[in-house]
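1. Got a sequence here, can you model it:
(4 chains)
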There are 4 protein chains.
Amino acid sequence: MTKQTMRFMSDNTATACPEMLAALAEANHGLEVAYGDDPWTRRLDEALGTFFGAPVRAFAVATGTAANSLALATLTPPYGAIFAHREAHIACDECGAPGFYSGGAQLMLLEGKHAKVSAAGLAAALEAHPVSVHTVQPAALSVSQASELGAAYRPEELAQLCKVAHSHGLKVHMDGARFANAVTFLGCHPGDVTWRAGIDVLSFGATKNGALAAEAVVFFDTTLVRDFELRRKRAGHLLSKSRFVAAQLLAYLQDDLWRRNAARANGFARRIGAAAGARLIAPVEANEVFVQLGIEGKRTLRAAGFEFYDWGAERAGQARLVAAWDQNESHVEALCAALGRLAED
Amino acid sequence: MTKQTMRFMSDNTATACPEMLAALAEANHGLEVAYGDDPWTRRLDEALGTFFGAPVRAFAVATGTAANSLALATLTPPYGAIFAHREAHIACDECGAPGFYSGGAQLMLLEGKHAKVSAAGLAAALEAHPVSVHTVQPAALSVSQASELGAAYRPEELAQLCKVAHSHGLKVHMDGARFANAVTFLGCHPGDVTWRAGIDVLSFGATKNGALAAEAVVFFDTTLVRDFELRRKRAGHLLSKSRFVAAQLLAYLQDDLWRRNAARANGFARRIGAAAGARLIAPVEANEVFVQLGIEGKRTLRAAGFEFYDWGAERAGQARLVAAWDQNESHVEALCAALGRLAED
Amino acid sequence: MTKQTMRFMSDNTATACPEMLAALAEANHGLEVAYGDDPWTRRLDEALGTFFGAPVRAFAVATGTAANSLALATLTPPYGAIFAHREAHIACDECGAPGFYSGGAQLMLLEGKHAKVSAAGLAAALEAHPVSVHTVQPAALSVSQASELGAAYRPEELAQLCKVAHSHGLKVHMDGARFANAVTFLGCHPGDVTWRAGIDVLSFGATKNGALAAEAVVFFDTTLVRDFELRRKRAGHLLSKSRFVAAQLLAYLQDDLWRRNAARANGFARRIGAAAGARLIAPVEANEVFVQLGIEGKRTLRAAGFEFYDWGAERAGQARLVAAWDQNESHVEALCAALGRLAED
Amino acid sequence: MTKQTMRFMSDNTATACPEMLAALAEANHGLEVAYGDDPWTRRLDEALGTFFGAPVRAFAVATGTAANSLALATLTPPYGAIFAHREAHIACDECGAPGFYSGGAQLMLLEGKHAKVSAAGLAAALEAHPVSVHTVQPAALSVSQASELGAAYRPEELAQLCKVAHSHGLKVHMDGARFANAVTFLGCHPGDVTWRAGIDVLSFGATKNGALAAEAVVFFDTTLVRDFELRRKRAGHLLSKSRFVAAQLLAYLQDDLWRRNAARANGFARRIGAAAGARLIAPVEANEVFVQLGIEGKRTLRAAGFEFYDWGAERAGQARLVAAWDQNESHVEALCAALGRLAED
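-> As a prediction, the model looks like this:
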């Protein structure tokens, strides 16, 4: 009998969910004006405005890196400084995209528990950063919801962060690659962790949570959108057949699809986290589980058919286990059992 | 009775063709490694190598602007000069993308009949461009197949152009947004107008010819691909669920789908061109028809329900009529009839 | 007897004039606050304000390329279009500096007699340039005073140009590498060809006219200066010992030194132009003389010890003869005589 | 009696030394070919080659920021990572210049005692930095000699650093804004802390040590110089009257002028350091003294007429005292006395 492969590598390994594929097929008739002047794309602002409970301007793109770096380039001049957590996706996993898009803005990397930036940490960093013609100019804060360690910022944490940021003239960007997972965990209104807290621009991810390839850049502060639109076109991120990406996003918002998918993934992660017990190195507040397995523990799990990424250096013995929206439940059960066995060793 | 809208604005207004949607659905099962290490993406090099009759390295992206500017950024240093026709898409319709991606390379725009660059024109431009530390350094030639005026370069034209370019140290890029249309018109082998003629890198378009959003950057000169891969990631053009774009491209190559779609669109254009007669301002060698209608003529057509773009200034009286792969045949017939009536006026 | 070399290559081959060297020595005592907060630099705004008859903000840099491209980067976004003459220094002789500094703005090159842009030519180009998300956004016009062919814009020409530019939302930059020569020729007030005509920012050159290395970027529209200051620092063009470059500029303005140097160079050029007679290909309105000598004529002059640059391709037979502020008068006489002899052939 | 101002703010507040001014005056005769093809500039490679005891290619620029960032842009691709100390000048005091010049390369900032990077620290950082298409690619290490805290790297420290760097494919850049001070302190040969240790490119500073404005970028690895030359021109850092900056550099090397100036400044710093005693927060190995004075102590010194910069946040109570080559000896004595009095409090 062939050993079965059970993937917990990334929610990017997931399929596209049927509802979004159906929406795509449904949009596929007739000649529609290209580059966004179609009924689907034109509905985005309203649909996302309803979702967030506030007027927004929203723009579809195909990847999270595009969403993040286009948003940041709109918020910061080339000589700007972007504050973010040392482990942020924009700092570690986008091959320097913010530097490229902004024309060389500098990342100012902060420490913080569970990969979250704290208001106190930001305030201290800003105080320690002199502002003169010799230094990069503080321009933006970028936070990840959920964080790179799967933790969710509470509304009040964000409000405090935004207050510090705004009082120093910074705009605030949120990388919401797993926004649905965080909001579902928090049980709050989407507006509570965005505009009500002071977020200016959000990268609203859908790809990891069921889309083929669909992200929206959502502006709560709408003064900068023309600059954004030109940067998007110039970067090759304005899709000609825009209706297809817009249709995915509309379906995602429809009937709480985003929440159903996220809830399923989160539920799996919670079960895995419970099985991991004392091995957890961060709270499970989205669909990712970070565990200390030891080199031996990782070897054992892999030998049993589980696929996952090391977290940090291989020899540090830490691992990231991600539950996708379409994860096979029996694989989750098998993983929980395997983690339970490890605990007994 | 409501007047019917008949769109001849752009092949970007088209739908996605059923074969490519089916391929997408077929790829939609199981957890697959993200960012290109999946079976569909891994098959691209071989499939396109077979198509071109030569070993290639191919990379999927979602838009033509991304394909063009990433390719050009790989070919030219920031202080480089990119030679292209004055009406090229990269010069007029990409919001300065080549400048952004290359870090400021300069376009050197050439004249040329039917929006095609000639070997003599290129040679003259190179001769007139001094090379010193004070000047931008000639680095790349970019040609569009078909051209912005719907004309197709013959294999020998391209061979001569590439010879001039290579002898001056330039690499040659082809913008193949309508590559299938040109090759179908020419009736030649895809290799004849690419690597056999000396093309180094091709933007191989599929979106205008039936895909949702799928283009491939095809390297015949494979020495530069690592640089390309990093630039692509950094630009946010590496798709996480890469299988979906790769699946579209594989379907596009399967059973000559590319040719069937192109042949249908080309056939419609040929009919429209025939109806336009003496009004044609360029030969119809792909799926676009450029006509001198006069301000009055354009008004008449639009009043009859036809939608299309002005070509150049509105008052110049020229128009571009594009036939998409899924164009409604009765609309084509109506357009031909209307053009015939114009002729009689 | 050794044949004497008589250089008419460039005013960049000139020495620094004694008054400016003396000013430099005079500034050389005591410890002064660096990076511009010294008495010399602080006096620049006032001195140049008096010179122009209007409030200005002025910033010293060491080269004309720096002045031009920093000014343009302040005026244009990365997705902007910069209109300039096809032969402008920024287009031909700065190795793509405007593209580098702006983050990829695109040059839109215009034709125009004697290397001058005309209001009609600019208006036509703007009308032919559609503005949409697909196109680079018209942002700046750059004119050279004197032009690359040594011609001077009249105040009313500039006023008309600026009117067209401003009415389309463009800012206007003047490359004044030979500003003193042009103003001296025109006999007008420096304000007449700058702010009174509508110029927003001027690269005010002194190096070619007697400085060691000193140029000023002069803002008549002072809203953008903070952006400029940060770009200058970031580009390495904020000099630590700023007093030395400021001292040169102050001396240059003192007692009409700028005019005396320019008048001397212009006078020589006028004499050379008179000797060239019908060979002139542009009017002599500064310190440069452009002549049609033929290949043979150029050979004859070079054989006689004269050094100068070809203008355009070598075989076209044209030459540029530049008179520097410190040109040896006997060399000028010898050149006039030689040109006279050519005429007789 | 007016209280005297005694400046210990920066060596950038210093005058230009007489020998270098004399060299400048001496170079000021005759028309010389511009942009570096003059006898002074042509002698630079040989003069610096003799100085370092190895063949070099050297290029003059006017500022240290230009030297550093042009060198780094030549060593790193846009998607590269530049490793440097967290307090490095390139990270803190150049307004993001490396990001601008490189097209967005990312700084990877390291800790290290006395603002020096250690081989172990670099090795750990490289090991912790995964190299994949998602991450910036390690490209360069930049070290400062002397460091931002006035400490000098020993030859063997540099050799170890370069060994780690080179074994990971990084090139090594040295910011030598105070190179002369460090070498004079170390008493070693200039080659010992550059090419013999493995340095690939050096920013060789002269401005802080007596020049008006003169720095040289010195390539020990000469393969990249053409790229550098084009980047320099394009950045506006190729001086037209190149002889004047070259003449300064030649004078600086002549008769050990560099060492005499540095020795004087270093000697003053040593005396100040001795007076500071236990207040020192870093060893005095160049011409800078870093001291813990307390808020009160700083106030006392300032009240006595001493000018200097806070080091870090004002309230941290630390200060930087810099001795320039032309520092007034009586001011140094006064400062030492004042520091002595502080100690007694």
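
2. Okay, the residue in the stretch 151-300 of chain A positioned nearest to chain B and C:S102: tell me how far apart.
-> Going by C-beta to the nearest C-beta, chain B is nearest to A:G236 of the stretch 151-300 of chain A, at 3.2 Å. For glycine as for every other residue, the C-beta is placed from the backbone atoms N, C-alpha and C. Per C-beta to C-beta, to the nearest Å, A:G236 is found 19 Å from C:S102.

3. just to revisit the earlier point, doesn't the residue of the stretch 151-300 of chain A closest to chain B belong to a helix?
-> No: using DSSP: H, G, I helix; E, B strand; the rest coil, the assignment for A:G236 is coil, not a helix.

4. which element is the residue nearest to it when sequence neighbours are not counted on?
-> Spatial nearest neighbour of A:G236, excluding adjacent residues (C-beta to C-beta, 6 or more residues apart in numbering or on different chains): B:A66 at 3.2 Å. Element membership of B:A66, judged by DSSP states H and E, is helix B:64-75.

5. quick one, helices of the stretch 1-150 of chain A?
-> Applying DSSP state H, counting those that start in this stretch to the stretch 1-150 of chain A gives helices spanning A:18-26, A:39-52, A:64-75, A:89-92, A:97-102, A:119-128.

6. would you list those in TSV and tack on mean pLDDT?
-> Converted to TSV, the helices of the stretch 1-150 of chain A look like this (pLDDT from 0 to 100):
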stretch	mean pLDDT
helix A:18-26	95
helix A:39-52	97
helix A:64-75	98
helix A:89-92	98
helix A:97-102	98
helix A:119-128	96
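
7. and the stretch 1-150 of chain A, which residues reach chain B?
-> A:7, A:9-10, A:12-16, A:21, A:24-25, A:28-35, A:61-70, A:94-97, A:100 (C-beta under 8 Å from any C-beta of the partner chain).

8. how about a cut-off of 6 Å?
-> A:7, A:10, A:12-13, A:15-16, A:28, A:31-32, A:34, A:62-63, A:65-66, A:95-97, A:100 (C-beta under 6 Å from any C-beta of the partner chain).

9. related to what we said a few turns ago, tell me the confidence at the residue of the stretch 151-300 of chain A closest to chain B?
-> In this model, A:G236 is scored at 98, pLDDT.

10. B:V61 is in contact with that one, correct?
-> No: counting by C-beta atoms under 6 Å, A:G236 does not reach B:V61; the two are 7.4 Å apart.

11. ok, and what's touching the helix holding B:A66?
-> A:236, B:61, B:82, B:90, B:94, B:97-98, B:101-102, B:140, B:171, B:173, B:175, B:177, B:201, B:203, B:205, B:215, B:217, B:224, B:227-228, B:231-232, B:237 (C-beta atoms under 6 Å, 6 or more residues apart in numbering or on different chains).

12. what stretches of chain A score poorly on pLDDT?
-> Across chain A, residues meeting the criterion (pLDDT under 70) sit at A:1-3, A:345.

13. following the longest strand seen in it, which helix or strand shows up next?
-> Ordering each strand of chain A by length in residues (DSSP state E) puts strand A:137-144 first. Once strand A:137-144 ends, the next helix or strand along the chain (criterion: DSSP H and E) is helix A:155-167.

14. Can you check what angle separates the next helix-or-strand element following that next one from strand A:137-144?
-> Per DSSP H and E, helix A:155-167 leads on to strand A:171-176 as the next helix or strand towards the C-terminus. If you take axes from the mean of the first three to the mean of the last three C-alpha atoms, to 10 degrees, strand A:171-176 sits at 20 degrees to strand A:137-144.

15. send the alpha carbons of strand A:171-176 over as PDB?
-> Below are the C-alpha coordinates for strand A:171-176, written out as PDB (Å, rounded to 0.1, in the frame of the first residue of the first chain):
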ATOM      1  CA  LYS A 171      -0.600  55.800   7.200                       C
ATOM      2  CA  VAL A 172      -1.500  52.300   8.200                       C
ATOM      3  CA  HIS A 173      -1.700  49.300   5.900                       C
ATOM      4  CA  MET A 174      -3.000  45.900   6.800                       C
ATOM      5  CA  ASP A 175      -1.800  42.800   5.100                       C
ATOM      6  CA  GLY A 176      -5.000  40.700   5.200                       C
END
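
16. which other helices and strands contact it?
-> Judged by 3 or more C-beta pairs under 6 Å, 6 or more residues apart in numbering or on different chains; DSSP states H and E, strand A:171-176 is in contact with helix A:64-75, strand A:137-144, strand A:201-205.

17. Tell me which of those sits nearest to B:A262.
-> Closest to B:A262 of the helices and strands packed on strand A:171-176 is helix A:64-75 (C-beta to C-beta; 29.5 Å).

18. what's the distance between A:Q248 and chain D?
-> As judged by C-beta to the nearest C-beta, to the nearest Å, A:Q248 and chain D stand 24 Å apart.

19. Skipping adjacent residues, who's closest to A:A16 in space?
-> Leaving aside its sequence neighbours, A:A16 sits nearest to A:L212 (C-beta to C-beta, 6+ apart; 4.3 Å).

20. quick one, domains of chain A?
-> When chain A is parsed with automatic domain parsing, its domains come out as A:6-14+A:258-344, A:18-257.

21. right, so the ones you listed: which one is the most enclosed?
-> Counting by mean count of other C-beta atoms under 10 Å in any protein chain shown, domain A:18-257 has the highest mean neighbour count of the domains of chain A, with a mean of 23.

22. which residues touch A:G273?
-> Contacts of A:G273 (C-beta under 6 Å, 6+ apart): A:L280, A:V284, A:V289.

23. Could you do A:L31 as well?
-> Applying C-beta under 6 Å, 6+ apart to A:L31 gives the contacts B:R7, B:T13.

24. give me phi/psi at the residue of the stretch 201-345 of chain A found nearest chain D?
-> Nearest residue of the stretch 201-345 of chain A to chain D: A:A313, at 6.2 Å (C-beta to the nearest C-beta). Phi and psi for A:A313, reported as degrees, to the nearest 10, are phi -60, psi 140.

25. For it, which non-adjacent residue is spatially closest?
-> Going by C-beta to C-beta, 6+ apart, A:A313 has D:A128 as its nearest residue, at 6.2 Å.

26. Would you check how far apart the one you found and A:R86 are?
-> Distance of D:A128 to A:R86, given as C-beta to C-beta: 11 Å.

27. cool, A:S167 as well?
-> Going from A:S167 to A:R86 by C-beta to C-beta gives 23 Å.

28. just A:G340 next, same as before
-> Distance of A:G340 to A:R86, given as C-beta to C-beta: 33 Å.

29. ditto for A:T194
-> If you go by C-beta to C-beta, the gap between A:T194 and A:R86 works out to 24 Å.

30. One more: A:W325?
-> A:W325 is 29 Å from A:R86, where distance means C-beta to C-beta.

31. circling back to that earlier point, output the helices of the stretch 1-150 of chain A as a markdown table; include the columns distance to D:G305.
-> Output for these, formatted as a markdown table (distance: least, C-beta to C-beta, whole Å):
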| stretch | distance to D:G305 |
| --- | --- |
| helix A:18-26 | 73 |
| helix A:39-52 | 60 |
| helix A:64-75 | 45 |
| helix A:89-92 | 45 |
| helix A:97-102 | 44 |
| helix A:119-128 | 29 |
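
32. Nearest approach to B:A159 belongs to which of those?
-> When these are compared by C-beta to C-beta, helix A:97-102 sits nearest B:A159, at 35.7 Å.

33. near chain D at all, that closest one?
-> Yes: using C-beta under 6 Å from any C-beta, we find that helix A:97-102 touches chain D at A:G99, A:F100.

34. so what does that helix touch, helix or strand wise?
-> Packed against helix A:97-102, as judged by 3+ C-beta pairs under 6 Å, 6+ apart, are the following elements: helix A:64-75.

35. tell me the angle the helix it packs on makes with strand A:201-205.
-> Going by the same axes, to 10 degrees, helix A:64-75 makes 170 degrees with strand A:201-205.

36. Before I go, just wanted to say thanks for your time.
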